[in-house]
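Engineer: Predicted model, plus sequence, below.
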Amino acid sequence: MKFPTFGPLHAWNDHALLTLRVGLGSMMLVAHGWGKLMGGPEKWEKLGGAMESLGITFAPTFWGFCAASAESVGAALVVVGLLTRPAAASVAFTLAIAAWMHLEGGDGLKGSSHAIETGLGFLALAIAGGGRLSVDAKLASDDA
């Protein structure tokens, strides 16, 4: 018996990437990034304190601003598919730091699982890119 595939599976890859970009990117932006970015220097300093888990103790406000920017601006770029690979990589890196902080803080795998799982999704987007249904693809086709 042949399994129905609704056409070539690769034909759906760009739709899968679009779903992943819009779903993960929107949730990151709305549930995490925007509030951190709008929190200002006080929030950024607290957020940047996570770098202490890596032994980096200087400029916590700067690191917090970088994390808030990745989770908001980076996530928004992922949603529209503009600079998808570097934007997704910046979010994945931020989530790796968050996961490490949770692990070092004694939260265990359960406490760090959300950052790990979401980070893997952004890492997949950093590897795969935005697909043909992205601004990146549109800009690339205009160059040709």
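Structural biologist: Received, thanks.
Engineer: In three-state terms, how would the residue nearest the centre of the chain be classified?
Structural biologist: Geometric centre of the chain, nearest residue: residue 91, 3.3 Å, by CA atoms, centre = their mean. What DSSP: H, G, I helix; E, B strand; the rest coil gives for residue 91 is helix.
Engineer: Relative to residue 71, how far out is the closest residue to residue 72 other than its chain neighbours?
Structural biologist: The shortest distance from residue 72 to any non-neighbouring residue, by CB to CB, 6 or more residues apart in numbering, is to residue 33 (3.2 Å). C-beta coordinates here come from the backbone N, C-alpha and C atoms, glycine included. When distance is defined by CB to CB, to the nearest Å, residue 33 is 3 Å away from residue 71.
Engineer: buried stuff in the helix or strand bottoming out on mean pLDDT in the chain?
Structural biologist: Ranked by mean pLDDT, DSSP states H and E, the helix or strand of the chain with the weakest confidence is helix 135-143, at a mean of 88. For helix 135-143, the neighbour count (16 or more other CB atoms under 10 Å) marks 136-137 as buried.
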